[in-house]
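Engineer: Whatever this is, show me its structure:
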Amino acid sequence: MDILANRPAANRVWFDDANLWVELTDGRTLGVPLAYFPRLQRATPRQRARFEMSGGGTGLHWDSLDEDISVRALVLGRGDQTRTGRRTTRNGRTRTASSRGVARRAARTSTAR
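Structural biologist: Coordinates of the predicted model:
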């Protein structure tokens, strides 16, 4: 089964202390660590609850937090996609473009020896 065969859309969204939960219209439920989304992780429960579904449930938007999440990206296992030069890894850590470059250069240097 292709996980994106039908355009994934949210039917219901809720939170616990550590996760964002999204029930999809096809019946699947996704649990995603809040660490993937630093703005949501830092937000209060009340702020997290103030979201809007857009595009028929294909997007989630928190106006007060300036956060937008694509349901398709959640299905694909992607974290925060904010274009700040930082990327959130699966374990919740962030890496800047410069730290990724340093790691690549170090790997090339060590293999060249």
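Engineer: Run through the residues that contact the closest residue in space to residue 57 that isn't next to it in sequence.
Structural biologist: Of all residues beyond its chain neighbours, the one nearest residue 57 is residue 9 (3.5 Å), with distances taken as C-beta to C-beta, 6 or more residues apart in numbering. In this view, the C-beta of every residue, glycine as well, is placed from N, C-alpha and C. With contacts taken as C-beta atoms under 8 Å, 6 or more residues apart in numbering, residue 9 has the following neighbours: 24, 25, 55, 56, 57, 58, 71.
Engineer: cutoff 6 Å now
Structural biologist: Contacts for residue 9 (C-beta atoms under 6 Å, 6 or more residues apart in numbering) come out as 25, 56, 57, 58, 71.
Engineer: same thing with residue 6?
Structural biologist: Applying C-beta under 6 Å, 6+ apart, the residues contacting residue 6 are residue 26.
Engineer: can you give me the strands in the protein?
Structural biologist: Counting by DSSP state E, the chain forms strands over residues 10-15, 19-24, 29-33, 52-54, 59-62, 67-70, 86-88, 94-96, given from the N-terminal end onward.
Engineer: Out of those, which is closest to residue 39?
Structural biologist: The stretch from the strands of the chain with the least distance to residue 39 (C-beta to C-beta) is strand 67-70; that distance is 4.7 Å.
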